[in-house]
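Visitor: coords please:
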Amino acid sequence: MEKEMLAIAYFKEGEGLFEKFMGFMQSEEGMGARRQIAHVEKTLPSISPMKNYVMFKVHVHDEQGMIDFCAGRNPVTRATWEECIDKVDLYELNEIPL
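Guide: Next up, the predicted model:
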């Protein structure tokens, strides 16, 4: 079952971490890891003005995989997470009828 989630990734202090992280996420290796857990073509990214965090609205098809990905437990993304990411907050999104 597909589920919409919001991930907010906060960067560690340091120069070039945003660029390194985004470069990895857009690389073949990063895209492959993302495709295993979510529909990449439906992902909506957003960047903070200070580039100290990024937000992604994600259409997830593997919830446990998304949790592991955001927690830094994915073997493909682990090294990038350890270098760049301080923490990730993950939320389930539910539509509210108006």
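Visitor: For the rest of this, base every contact and every neighbour count on C-alpha atoms.
Guide: OK.
Visitor: Let's verify the residue nearest to residue 80 when sequence neighbours are not counted: helix, strand, or coil?
Guide: Spatial nearest neighbour of residue 80, chain neighbours left out: residue 21 (6.7 Å); criterion: Cα to Cα, 6 or more residues apart in numbering. Three-state call for residue 21 (DSSP: H, G, I helix; E, B strand; the rest coil): helix.
Visitor: What segments of this structure are helices?
Guide: Under the criterion DSSP state H, the chain contains helices at 17-26, 28-35, 63-70, 78-84.
Visitor: buried stuff in the longest one?
Guide: Yep, that's helix 17-26 we're talking about. Within helix 17-26, the residues that qualify as buried are 17-18, 21, 25, counting by 16 or more other Cα atoms under 10 Å.
Visitor: Let's have the helices of the chain in JSON lines, adding distance to residue 56.
Guide: JSON lines is the format used below for the helices of the chain (distance: least, Cα to Cα, whole Å):
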{"stretch": "helix 17-26", "distance to residue 56": "12"}
{"stretch": "helix 28-35", "distance to residue 56": "12"}
{"stretch": "helix 63-70", "distance to residue 56": "11"}
{"stretch": "helix 78-84", "distance to residue 56": "15"}
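Visitor: how about these, which one is nearest residue 8?
Guide: Across the helices of the chain, residue 8 has its closest neighbour in helix 63-70 (9.1 Å, Cα to Cα).
Visitor: What residues are bridge-paired with residue 5?
Guide: When assigned by DSSP bridges, residue 5 has beta-bridge partners residue 58, residue 92.
Visitor: Roughly how far does residue 10 sit from residue 4?
Guide: Taking Cα to Cα, to the nearest Å as the measure, residue 10 falls 20 Å from residue 4.
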